[in-house]
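Engineer: Need the 3D shape of this:
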Amino acid sequence: MIFGKLDVTEKTHLALSLNNIHLNAGDYLIRKGETEDCGYVLAHGALEIPGTEIIFTPPAIVGEFTAAGFTERRTADIKATEDFTSVYRITSNDLQRLMESNPDIEMQLRELARARGLKV
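Structural biologist: Down below sits the predicted model:
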């Protein structure tokens, strides 16, 4: 997990800054081309990239490349595949702060971005 090495204080600060969002099956969380600057941590349920076999299960993070500043626009649609899917929204500012104070987080996000075909 990308945030697994945070100390207790950092985890507490992060937890207090997250907003919970609930989705039902078929609801879109992200639309390709959008410029929203946040990421989402999947807490419960499942998400997919429609038209692919890519499924995200907890504790996956999605939308992190835009939140991290690696891309300006969303690179794919992402929608819920189950009712009662729950995600936590992490702002770009919070993610940037974490990357500055924990270089390992930025390194892991860059590796993940490269593994998904982005040039970062």
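Engineer: Could I get the full set of helices for this structure?
Structural biologist: 8-17, 64-67, 92-101, 103-115 (DSSP state H).
Engineer: got the angle for the third one vs helix 8-17?
Structural biologist: Per axes from the mean of the first three to the mean of the last three CA atoms, to 10 degrees, the angle that helix 92-101 makes with helix 8-17 is 170 degrees.
Engineer: May I see the buried residues of helix 92-101?
Structural biologist: By 16 or more other CB atoms under 10 Å, the buried positions in helix 92-101 come out as 92, 94-95, 98-99. Placement of C-beta: from N, CA and C, glycine included.
Engineer: Dump it to PDB, keeping only the CA atoms.
Structural biologist: Extracted in PDB, the C-alpha atoms of helix 92-101 (Å, rounded to 0.1, in the frame of the first residue of the first chain):
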ATOM      1  CA  SER A  92      -3.800  17.100  -4.800                       C
ATOM      2  CA  ASN A  93      -2.500  19.400  -2.000                       C
ATOM      3  CA  ASP A  94      -2.600  16.500   0.600                       C
ATOM      4  CA  LEU A  95      -0.900  14.100  -1.900                       C
ATOM      5  CA  GLN A  96       1.700  16.700  -2.800                       C
ATOM      6  CA  ARG A  97       2.500  17.300   0.900                       C
ATOM      7  CA  LEU A  98       2.900  13.600   1.500                       C
ATOM      8  CA  MET A  99       5.200  13.200  -1.500                       C
ATOM      9  CA  GLU A 100       7.400  16.000  -0.300                       C
ATOM     10  CA  SER A 101       7.700  14.600   3.200                       C
END
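Engineer: Wait, Val62 touches Ala46, no?
Structural biologist: No: using CB atoms under 8 Å as the test, Val62 is too far from Ala46 to be in contact (11.3 Å).
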